[in-house]
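Asks: Got a predicted structure here, sequence first:
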Amino acid sequence: MLRVDGLEKRYPVRGAAGRRQQLHAVDGVDLEIAAGETLGLVGESGSGKSTTGRCILRFEEPSGGRVTLDGVSVTGTREAQLRPLRRKMQMVYQDPLDSLNPRMPIGRQIAEPIWLFGLATRHESDRRVGELLDLVGLPAELAHRYPHQLSGGQQQRVAIARALAPEPSFLILDEPTASLDVSVQAQIVRLLAEIQARRRLAYLLISHDLALVGVLAHRVAVMYLGQIVELGATDEVFARPAHPYTRALLSAAPKDTPDQERTRVFLVGEPAAAIDPPETCRLHPRCPFAAPSCLERPAELQGFAPGRAVRCVRFLDEHLGGTWTWVPGSPGTGA
Amino acid sequence: MLDVRGLRVAFHTRNGVVPALHGVTFSLPPGTVTGLVGESGCGKTLTALAIMRLLRPPAEIQGGDVRLEGRDLRALAERQMARVRGEGIAMIFQQPRASLNPVFPVAAQLVHVLRLHRGLSRGAARAEGEALLARVGLARPDAVMRAYPHQLSGGMCQRVMIALALACRPRVLLADEPTTALDVTVQLQIVELLRGLQREFGLTVLLITHDLGLVAEMCDHVHVMYAGRIVESATAAALFRRPAHPYTRGLMAARVGTGSRALPTGIPGRVPALAETPSGCPFHPRCPLAGPGCAERDPDSEAVEAGHAVRCHYWRSGVA
């Protein structure tokens, strides 16, 4: 359905003494998402996960790589001819007010993409708007309201209805619950899962929230400084994370109850920016498991089990060498 | 240590006086961490600002008692209160960078506080400042001293903020969502730091948060707030073992457990806006247990067991 090959986005920056340097925001990302599937793209701020989403939709021009949707090249299409493709790929943002027009009743905002893409007559579109509002769990009377008259949860439901209006086959969800209250987040999570089950949509779920990814995503890709460092089925990655960064992320999630025991993996400091980064491991300066051998060769994303891949020199050496044990918080036989 | 009794705060609006805190009562036992949990608009930050007497119009304290070690803070002159802020009670905020002064380097801000509140000389204040920065886990305190807030990462700013709060050796620390704006791995570092400092200095902490996970990590006691009221109070262990209020139970069910693939259950409806707070028990329109009387009478506090109180007419029918 959606295929991303070697996606790159670089920004020129001025380094010390005005030296020209390149920020590798997205650095060779490969992804595949099937119809009806959710891929979780996880990482912290600056990991490049949102830029990846924006490049896939060509809200930003990628510096390299290919994106294809249902066999049609997104990256190879001229801007002027992108429209029919854009109909099939829509985005839901963290803050619903980013994508809603404050001065237009919400019914018209949902109807607009339907007319624009010629999917229905104006008359018929009223009925479609009613159906979409119903699908996202809002009463049809709300169509005449303005965004500011709705709660945050209702606004996000409207943003989802508007994204679904042009009948897309692929949806990018960029932190779709992060701006909502806890009690409302759960409603939106359920709604997204229901819609996917009904319409067989493909989702790219961009989030820093592992718990959210854990319930919605079938597979997960973990990003660090522009690169995917681990990829696999969500259950397997969560149960047996291979990359030290994935372990640190999973172990950092707050406990469910006060008496829960949890082994913590601490990273040193905070991520730097990927400015003219080395080919070797980018986590190395922060990694509690770093060894001198980590810097001896480029860190490549390599498969090590069916459906799973990791970008960690030490893991790959020890796993393939048979000395790896899956003790939480300790790769290999080390502490 | 800190006792808050019947605290009432209201906003003056064009449509009259709108109450925001309806008699908030709790105390912070010395040397413990107490959580104040609730969603946006429940009044948790307002409570902290009222304690610190930092409310500005249109918000106004309308009644109640705030005592620090028996001293009535509402009766103090503004000059005395200025000393209490910092030496008695210090506060750290969600947006550390916004809480630091952008036009002064860290050194100026730390030295200023240390000279003002602890009467240190410039040189001694500088040395003490560097020691504090080292204590909060900043690797190169001398470099951080020279830096401006925009040159530091979010996590580093929060560490500087914590150093500033500790500079006056406060007895009580109010921490308002201290990790919310940070990345997950940095959140963990700050939680560990706060826990370590709390033990080392025997600090009394009020942790304001929307995140039950953070409560599970850090708190000894918890108060759950909804629509300007404390609706449940318990030890953290008891609250997680046996949540009694339907709102608390709803919040727990709305969380996604780690390693769980079960979809969370939301609470129907939404947090009410201040001006449209429902009559009686404010939670009744969203409540699965609501029955006769809930729309008319705001429930009084009832004991679930010793040290565990709940405000709900029907809590017994919900508890397993």
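Replies: Happy to help now that I have it.
Asks: Taking the stretch 101-250 of chain B, what residue is nearest to chain A?
Replies: residue B:213 (2.6 Å; C-beta to the nearest C-beta). C-beta coordinates here come from the backbone N, C-alpha and C atoms, glycine included.
Asks: Helix or strand: which one has that residue?
Replies: Per DSSP states H and E, residue B:213 falls inside helix B:212-218.
Asks: So which elements touch that helix?
Replies: strand B:33-37, helix B:184-201, strand B:204-209, helix B:236-241 (3 or more C-beta pairs under 8 Å, 6 or more residues apart in numbering or on different chains; DSSP states H and E).
Asks: Just the mean pLDDT for the third one, thanks.
Replies: To tie it back to what came earlier, the one meant is strand B:204-209. Here strand B:204-209 scores 95 as its mean pLDDT.
Asks: which residues of chain A score low on pLDDT?
Replies: Scanning chain A for pLDDT under 70 picks out the ranges A:324-335.
Asks: biggest helix in it by residues?
Replies: helix A:182-199 (DSSP state H).
Asks: what about dumping the CA coordinates of that one to PDB?
Replies: What follows is helix A:182-199, C-alpha atoms only, in PDB (Å, rounded to 0.1, in the frame of the first residue of the first chain):
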ATOM      1  CA  VAL A 182      -6.600  11.700  29.900                       C
ATOM      2  CA  SER A 183     -10.300  10.800  30.100                       C
ATOM      3  CA  VAL A 184     -10.900  12.000  26.500                       C
ATOM      4  CA  GLN A 185      -7.700  10.500  25.000                       C
ATOM      5  CA  ALA A 186      -9.200   7.000  25.600                       C
ATOM      6  CA  GLN A 187     -12.300   7.900  23.600                       C
ATOM      7  CA  ILE A 188     -10.200   9.000  20.600                       C
ATOM      8  CA  VAL A 189      -8.000   5.900  20.800                       C
ATOM      9  CA  ARG A 190     -11.100   3.700  20.600                       C
ATOM     10  CA  LEU A 191     -12.600   5.800  17.800                       C
ATOM     11  CA  LEU A 192      -9.400   5.500  15.700                       C
ATOM     12  CA  ALA A 193      -9.300   1.700  16.200                       C
ATOM     13  CA  GLU A 194     -13.000   1.400  15.200                       C
ATOM     14  CA  ILE A 195     -12.600   3.500  12.100                       C
ATOM     15  CA  GLN A 196      -9.700   1.400  11.000                       C
ATOM     16  CA  ALA A 197     -11.500  -1.800  11.500                       C
ATOM     17  CA  ARG A 198     -14.500  -0.600   9.500                       C
ATOM     18  CA  ARG A 199     -12.600   1.100   6.600                       C
END
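Asks: For it, list every residue counted as buried.
Replies: Using 16 or more other C-beta atoms under 10 Å in any protein chain shown as the test for burial, helix A:182-199 gives A:182-192, A:195-196.
Asks: which parts of the stretch 1-150 of chain A sit against chain B?
Replies: A:44, A:45 (C-beta under 8 Å from any C-beta of the partner chain).
Asks: hey, where'd the strands end up in chain A?
Replies: In chain A, the strands defined using DSSP state E lie at A:2-14, A:20-33, A:38-42, A:64-69, A:72-73, A:89-92, A:170-174, A:202-207, A:219-224, A:227-233, A:302-305, A:308-310.
Asks: what does chain B give?
Replies: With strands called from DSSP E, chain B shows them at B:2-13, B:16-28, B:33-37, B:59-68, B:71-72, B:89-92, B:172-176, B:204-209, B:221-226, B:229-235, B:302-305, B:308-310.
Asks: could I get those strands as TSV with mean neighbour count and distance to chain A?
Replies: TSV is the format used below for the strands of chain B (neighbours: other C-beta atoms under 10 Å in any protein chain shown; distance: least, C-beta to the nearest C-beta, whole Å):
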stretch	mean neighbour count	distance to chain A
strand B:2-13	17	17
strand B:16-28	18	17
strand B:33-37	26	10
strand B:59-68	16	21
strand B:71-72	12	32
strand B:89-92	23	18
strand B:172-176	24	15
strand B:204-209	25	10
strand B:221-226	26	10
strand B:229-235	24	9
strand B:302-305	14	17
strand B:308-310	21	14
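Asks: Okay, angle between the longest helix of chain A and strand A:170-174 too, please.
Replies: Angle, helix A:182-199 to strand A:170-174, by axes from the mean of the first three to the mean of the last three C-alpha atoms, to 10 degrees: 170 degrees.
Asks: Can you check what angle separates helix A:182-199 from strand B:33-37?
Replies: 50 degrees.
Asks: Spell out which residues of the stretch 201-320 of chain B are next to chain A.
Replies: B:210-217, B:219, B:236-237, B:240-241, B:250-251, B:253-268, B:270-271.
Asks: Just the buried subset of those residues, please.
Replies: Buried, going by 16+ other C-beta under 10 Å: B:210-217, B:219, B:236-237, B:240, B:250-251, B:254-258, B:264-267, B:270-271, out of those.
Asks: any idea how far the nearest residue to residue B:41 once chain neighbours are set aside lies from residue B:228?
Replies: By the measure of C-beta to C-beta, 6 or more residues apart in numbering or on different chains, the closest residue to residue B:41 outside its immediate chain neighbours is residue B:271, 5.4 Å from it. Taking C-beta to C-beta, to the nearest Å as the measure, residue B:271 falls 11 Å from residue B:228.
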